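Chemist: Next comes the sequence, and after it the predicted model I'd like to discuss.
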Amino acid sequence: MTKNLLVELGLEELPAYVVTPSEKQLGEKMAAFLDDNRLSYESIQTFSTPRRLAVRVIGLADQQSDLTEDFKGPSKKIALDAEGNFSKAAQGFVRGKGLTVDDIEFREVKGEEYVYVTKHEAGKPAKEVLAGVPEVLASLTFPVSMHWANNTFEYIRPVHTLVVLLGDEALDLDFLDIHSGRVSRGHRFLGHEVEITNADSYEEDLRTVYVIADSKERENMIREQIKAIEAEQGVQVQIEEGLLNEVLNLVEYPTAFMGSFDTKYLDVPEEVLVTSMETHQRYFVVRDLDGKLKPNFISVRNGNAEHLENVIRGNEKVLVARLEDGEFFWREDQKLKIEDL
């Protein structure tokens, strides 16, 4: 009999560049943990948002596979003393394997006999093995780390929740000072705490509190929303893949929108405008159907479409400050001559 396992670690907001590598790392380390512990499974799915890393193991076996292993020891002439009794070397060998001299047999290898023992180990129940899940979480590595409260252990960000579900059963585990259960957190502003019903309901339970846990789904949402804006406004949007990956790791519930800026800034070189929008503000550049830069930008809100006009105005105001800086330095630079530098 198999069940699905869900593990979700809820944290403070992660740096965007850390999210995707950490999601991948969690999946790889969970797979290694299960393989090392002889727990078979069908597949592994991973999830991530700025405030969570999660993994779901599909078709996890209910117990370890049994282990039968042969061990080769000293040669027979070393294993037996002059009276034909087992020597201290033989006794120490079997004791180290958790066995006794009664388990010894001799096998011939290249014309000489050697001590051999066979160890049989019955598989443990999956729940007993899964007590090691916190060790998997502790083994994750990050480019930066911190410690908080009274913890001396350093991690990427403070941990708030831990969900560990085997099917619909919540397992009792501890990681740092957090005890596991089935309670996760929704969107910071639109959501609230939510109970995850079982390992299979994870995405839908979080969706009710404005969290899209699947990063690929968030990416597709952003792409489709941008396509809709392109069709409605008769424009084309330059989607830079690195920027898209960063943006989807800044939001848990994406809503794309288009803003604008004064056409006077189009007199500034395009490279300056693109840098201001993409690098500084994480906006997508908008062009007309002929490829000419338009006085518009696309941004992605971490939330729904309510009061979106206020969000648009706020983003436009911030961008103007960036463009003013760019225009100023461009004008000042034109006052200089190369030979003066």
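Modeler: Structure's in. What do you need?

Chemist: any idea how far the closest residue to Ala126 other than its chain neighbours is from Lys317?
Modeler: Leaving aside its chain neighbours, Ala126 sits nearest to Asp62 (5.3 Å; criterion: CB to CB, 6 or more residues apart in numbering). Every residue, glycine included, has its C-beta placed from N, CA and C. Summarising the geometry, the distance separating Asp62 from Lys317, computed by CB to CB, to the nearest Å, is 58 Å.

Chemist: So for those two, which sits in the more crowded spot?
Modeler: For Asp62 versus Lys317, the count of surrounding residues by other CB atoms under 10 Å is larger for Asp62: 14 against 10.

Chemist: ok, now which ones touch the more buried one?
Modeler: Neighbouring residues of Asp62 by CB atoms under 8 Å, 6 or more residues apart in numbering: Met1, Thr2, Lys3, Pro125, Ala126.

Chemist: Among these, show me the least confident.
Modeler: For the contacts of Asp62, the least confident position by pLDDT is Met1, scoring 84.

Chemist: and that one, what does it touch?
Modeler: Met1 makes contact with Asp62 under the criterion CB under 8 Å, 6+ apart.

Chemist: So for the longest helix along the chain, what gets flagged as buried?
Modeler: Counting by DSSP state H, the longest helix found in the chain is helix 308-334. Buried residues in helix 308-334, defined by neighbour count with 16 or more other CB atoms under 10 Å: Val311, Ile312, Asn315, Glu316, Leu319, Arg322, Leu323, Gly326, Glu327.

Chemist: What separation is there between the nearest residue to Phe189 once chain neighbours are set aside and Ile104?
Modeler: In space, Phe189 comes closest to Gly303 once its chain neighbours are excluded; the distance is 6.5 Å by CB to CB, 6+ apart. Plainly put, Gly303 is 70 Å away from Ile104 if you go by CB to CB.

Chemist: before we move on, what about Leu166?
Modeler: 40 Å.

Chemist: Check Ala126 too.
Modeler: Plainly put, Ala126 is 34 Å away from Ile104 if you go by CB to CB.

Chemist: more neighbours, the two?
Modeler: Under the neighbour definition other CB under 10 Å, Ala126 and Ile104 were set side by side, and Ala126 has more, 24 against 18.

Chemist: which residue ranges form the helices in the protein?
Modeler: With DSSP H as the criterion, the chain has helices spanning 16-36, 76-79, 88-96, 126-129, 133-138, 202-207, 215-233, 241-248, 270-274, 308-334.

Chemist: out of the ones you listed, which comes closest to Val117?
Modeler: With distances scored as CB to CB, the stretch of the helices of the chain nearest to Val117 is helix 88-96 (5.8 Å).

Chemist: Pull the distance from that closest one to the chain's centre.
Modeler: 46 Å (CA atoms, centre = their mean, to the nearest Å).

Chemist: Stretch 175-193: end-to-end distance?
Modeler: With CA to CA, to the nearest Å as the measure, the first residue of stretch 175-193 is 19 Å from its last.

Chemist: Enumerate every residue touching the residue of the chain most remote from its centre.
Modeler: Taking CA atoms, centre = their mean, the residue of the chain most remote from its mean C-alpha position is Glu83, at 62.8 Å. Under the criterion of CB under 8 Å, 6+ apart, Glu83 has no contact partners.

Chemist: ok, back up a step: distance check, the residue nearest to Phe189 against Tyr202.
Modeler: Gly303 is 21 Å from Tyr202, where distance means CB to CB.

Chemist: now swap in Lys216 and tell me
Modeler: Remark: distance between Lys216 and Tyr202 (CB to CB) = 15 Å.

Chemist: More neighbours: these two, which one.
Modeler: Using other CB under 10 Å as the criterion, Lys216 and Tyr202 rank with Tyr202 on top: 23 against 10.

Chemist: I'd say that one and Phe47 touch.
Modeler: Yes. Tyr202 sits in contact with Phe47 when judged by CB atoms under 8 Å, with a separation of 7.3 Å.

Chemist: Quickly list what's touching both of these two.
Modeler: Each of Glu8, Ala54, Arg56, Ala213 lies in contact with both Tyr202 and Phe47 under the rule CB under 8 Å, 6+ apart.

Chemist: what's the farthest-apart pair in those residues?
Modeler: Considering CB to CB, no two members of these lie farther apart than Arg56 and Ala213, which are separated by 9.8 Å.

Chemist: Return every residue with contacts to both of the two.
Modeler: By the contact definition CB under 8 Å, 6+ apart, Arg56 and Ala213 are jointly contacted by Phe47, Tyr202.

Chemist: out of the contacts of Asp62, who's nearest Lys76?
Modeler: In terms of CB to CB, no member of the contacts of Asp62 lies closer to Lys76 than Pro125, at 39.8 Å.

Chemist: hey, what's that closest one bridged with?
Modeler: Taking DSSP bridges, one obtains Gln63 as the residues bridged to Pro125.
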